[in-house]
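Novice: need coordinates for the below:
(chains A and B)
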Protein chains: 2
Amino acid sequence: MHFTSEQRVDDLVERDFTLGDIPGVLWMPGSASAASPAPLILLGHPGGLDMMRPRLVGRALRSAADGFATATIELPGSGDRPRSPDAEQARADLQATLEAGRPVDDELVDRLVLPLVAAAVPEWQATLDALLALPEIGGPVGFSGGVTAVAIGLAAVDPRIAALGLFAGSYVPRSVVDEARGVTIPLHMLLQWDDEGNDRQQALDLFDAFGSREKTLQANLGGHRGVPAHAGEDAARFFVRHLG
Amino acid sequence: MHFTSEQRVDDLVERDFTLGDIPGVLWMPGSASAASPAPLILLGHPGGLDMMRPRLVGRALRSAADGFATATIELPGSGDRPRSPDAEQARADLQATLEAGRPVDDELVDRLVLPLVAAAVPEWQATLDALLALPEIGGPVGFSGGVTAVAIGLAAVDPRIAALGLFAGSYVPRSVVDEARGVTIPLHMLLQWDDEGNDRQQALDLFDAFGSREKTLQANLGGHRGVPAHAGEDAARFFVRHLG
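Specialist: Here you go, the predicted model:
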């Protein structure tokens, strides 16, 4: 892990890094009162770190207020990272399917998501190895948002992930839903009740599948972008309860 | 409204009253720092005020910490109030139906719940008239919990109810679900995901039916009695957002 830049953003210290050829960002609480080592929340996102950075900084600021360090990495095949021809083909097929108004079948979901999960999970694990080796970062570790199937895949194999905050998403392969049955850590799942891009019943089924003994689904009226402010606060409190 | 007793319970002033032949309780925040007049939350319950009192006091204490007055009344046909032969018959039929493992059909739900709603709603309205005439009570008014159909029936006809906190319950007559479509005030609904006595899909359908522009469903793992502590906190924050 090589740090390539460091700057102060409001009450954060933002440090860009590379891990091999993977770009990433670590945000440390800038206030002197923060605990050291700080618990860590890994911030998922849909890919395209540069474009996502303003929203990620917002989430990092919120988490830093609770004393958490946060970090993220670029997804395989997104941003400046090399494209995979198969992944590009799957994305094109999804686009064509949606434009034609056809249903997105299991085969396409598998082709679109499973290779991404297979590539991303070890990268997140390597990132976690490097982050936890830093003196200023401690456990426990939470994972928040991003590609739902990647979060599930990581939580299913890495016992260092102690709490999972998800934004309910469709396109979760059936094999990943099955993996969720084995995920027993506390779960907080947000669902936008009228999300244009998500199938509500699939989201409810996914929530039902998790093996967690503590799990909360919070559904709010509105579309994909209409998450109310209090939902962010409730998600933050979830991490404070389980990592704080 | 005649006050019949007054006592201090922790940080509350608890005043029993009667309104005609209806027994009720008013809890005022006991701390001098509370705003006056205090906003009001009406506390619903399943009937049997004496048996429910310890849990109601707990809810009243939580609300008083946020500066709210709370009040409740006995339901028609519950506690020491006169029984209605029709209601007793409907309850007996429900018991027999459940013991036989038969489904509870719409006719029985209507017979069980509609007369209760018809009798209880005007009583809550008369109680609200009397409470809002007290100098120490102001608006806005919330309604929290209790028999779901009664809460919906009251919110549907009384514009003084400004926020509704419900514990998802089955046995909501179809005509009351239709009434919920006309209820547009903010809604916070708790659902226990594995509630033995509630049909999950009916609860989700009821949430969907509400006409509220702001509504949140919070589902937590566990049975009817397993509501986690944070769910109570989240419900309290809902009322602070909308009545505070």
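Novice: ok, A:R174 - contacts?
Specialist: Residues in contact with A:R174 (Cβ atoms under 8 Å, 6 or more residues apart in numbering or on different chains) are A:D106, A:D110. Yep, even glycine has a C-beta here, placed from its N, CA and C like the rest.
Novice: isn't A:I73 up against A:E123?
Specialist: Yes. Assessed by Cβ atoms under 8 Å, A:I73 is found in contact with A:E123 at 6.2 Å.
Novice: quick one: pLDDT of A:A32?
Specialist: For A:A32, the pLDDT comes out at 63.
Novice: can you check the one 3 residues further on too?
Specialist: According to the model's per-residue confidence, A:A35 sits at a pLDDT of 69.
Novice: how near is the spatially most distant residue from the centre of chain A to A:D93?
Specialist: Here chain A reaches farthest from its C-alpha mean at A:A100, the gap being 29.5 Å by Cα atoms, centre = their mean. Using Cβ to Cβ, to the nearest Å, A:A100 is found at 11 Å from A:D93.
Novice: quick check: which ranges of chain A have low pLDDT?
Specialist: In the predicted model, chain A carries pLDDT under 70 at residues A:32-35.
Novice: who has more neighbours, A:I73 and A:E123?
Specialist: The neighbour comparison of A:I73 against A:E123 (other Cβ atoms under 10 Å in any protein chain shown) goes to A:I73, with 25 against 19.
Novice: could you check how far the more buried one is from A:G48?
Specialist: 12 Å.
Novice: returning to that earlier point: look up how far chain B lies from the residue farthest from the centre of chain A.
Specialist: As judged by Cβ to the nearest Cβ, to the nearest Å, A:A100 and chain B stand 29 Å apart.
Novice: ramachandran angles for that residue?
Specialist: The phi/psi pair for A:A100 (degrees, to the nearest 10) reads phi -80, psi 0.
Novice: show me the contacts for it.
Specialist: Taking Cβ under 8 Å, 6+ apart as the definition, A:A100 has no contacts.
Novice: circling back to that earlier point, overlap in contacts, A:I73 and A:E123.
Specialist: With Cβ under 8 Å, 6+ apart, A:I73 and A:E123 have common neighbours A:L19, A:I22.
Novice: for chain A, which segments count as helices?
Specialist: Along chain A, counting by DSSP state H, helices occupy A:49-65, A:85-99, A:106-132, A:148-157, A:174-181, A:200-209, A:229-243.
Novice: tell me the most buried of those helices?
Specialist: Among those, helix A:148-157 has the highest mean neighbour count (mean count of other Cβ atoms under 10 Å in any protein chain shown), at a mean of 25.
Novice: which strands and helices lie in contact with that helix?
Specialist: On a contact count with 3 or more Cβ pairs under 8 Å, 6 or more residues apart in numbering or on different chains; DSSP states H and E, helix A:148-157 meets helix A:106-132, strand A:137-145, strand A:161-167, helix A:174-181.
Novice: among the helices of chain A, which is nearest A:I22?
Specialist: helix A:106-132 (5.8 Å; Cβ to Cβ).
Novice: which neighbouring elements make contact with the closest one?
Specialist: Helix A:106-132 packs on strand A:12-19, strand A:22-29, strand A:38-44, strand A:69-73, helix A:85-99, strand A:137-145, helix A:148-157, helix A:174-181, going by 3+ Cβ pairs under 8 Å, 6+ apart.
Novice: what's the angle from the third one to strand A:161-167?
Specialist: On the basis of axes from the mean of the first three to the mean of the last three Cα atoms, to 10 degrees, strand A:38-44 is oriented at 40 degrees to strand A:161-167.
Novice: what does strand A:38-44 contact?
Specialist: Applying Cβ under 8 Å, 6+ apart, the contact partners of strand A:38-44 are A:28-29, A:56, A:59-60, A:63, A:67-72, A:124, A:127-128, A:131-132, A:136-147, A:150-151, A:161, A:239, A:243-244.
Novice: can you check stretch A:50-69 too?
Specialist: A:9-12, A:14, A:25-31, A:34-35, A:38-41, A:43, A:45-46, A:49, A:70, A:72, A:79, A:131, A:136-137, A:142, A:144-145, A:232, A:236, A:239-240, A:243-244.
Novice: could you identify the buried members of those residues?
Specialist: A:12, A:14, A:25-29, A:34, A:38-41, A:43, A:45, A:49, A:70, A:72, A:79, A:131, A:137, A:142, A:144-145, A:236, A:239, A:243 (16 or more other Cβ atoms under 10 Å in any protein chain shown).
Novice: ok, the closest residue to A:G165 other than its chain neighbours to A:E233 distance?
Specialist: Leaving aside its chain neighbours, A:G165 sits nearest to A:S144 (4.3 Å; criterion: Cβ to Cβ, 6 or more residues apart in numbering or on different chains). Distance of A:S144 to A:E233, computed by Cβ to Cβ: 14 Å.
Novice: ok, A:L191 next?
Specialist: Using Cβ to Cβ, A:L191 is found at 17 Å from A:E233.
Novice: now swap in A:V141 and tell me
Specialist: 21 Å.
Novice: quick one: is stretch A:206-221 near chain B?
Specialist: Yes. Applying Cβ under 8 Å from any Cβ of the partner chain, one finds stretch A:206-221 touching chain B at A:F207, A:D208, A:S212, A:R213, A:E214, A:K215, A:T216, A:L217, A:Q218, A:A219, A:N220, A:L221.
Novice: tell me the most packed of those residues, by neighbour count.
Specialist: A:A219 (28 neighbours).
Novice: tell me which residue is most central in chain A.
Specialist: For chain A, the residue nearest the mean C-alpha position is A:G44 (2.3 Å; Cα atoms, centre = their mean).
Novice: in contact with the residue lying closest to that one once chain neighbours are set aside, which residues?
Specialist: In this structure, A:G44 finds its nearest non-sequential neighbour in A:G146, 1.6 Å apart by Cβ to Cβ, 6+ apart. Residues counted as contacts of A:G146 (Cβ under 8 Å, 6+ apart) are A:L43, A:G44, A:H45, A:P46, A:F167.
Novice: next one: A:Q192
Specialist: A:Q192 makes contact with A:A168, A:N198, A:A219, A:N220, A:G222, A:G223, A:H224, A:G226, A:V227 under the criterion Cβ under 8 Å, 6+ apart.
Novice: mind running it again at 7 Å?
Specialist: Listed by Cβ atoms under 7 Å, 6 or more residues apart in numbering or on different chains, the contact partners of A:Q192 are A:N220, A:G222, A:G223, A:H224, A:G226, A:V227.
Novice: I'm done for today, thanks for sticking with me.
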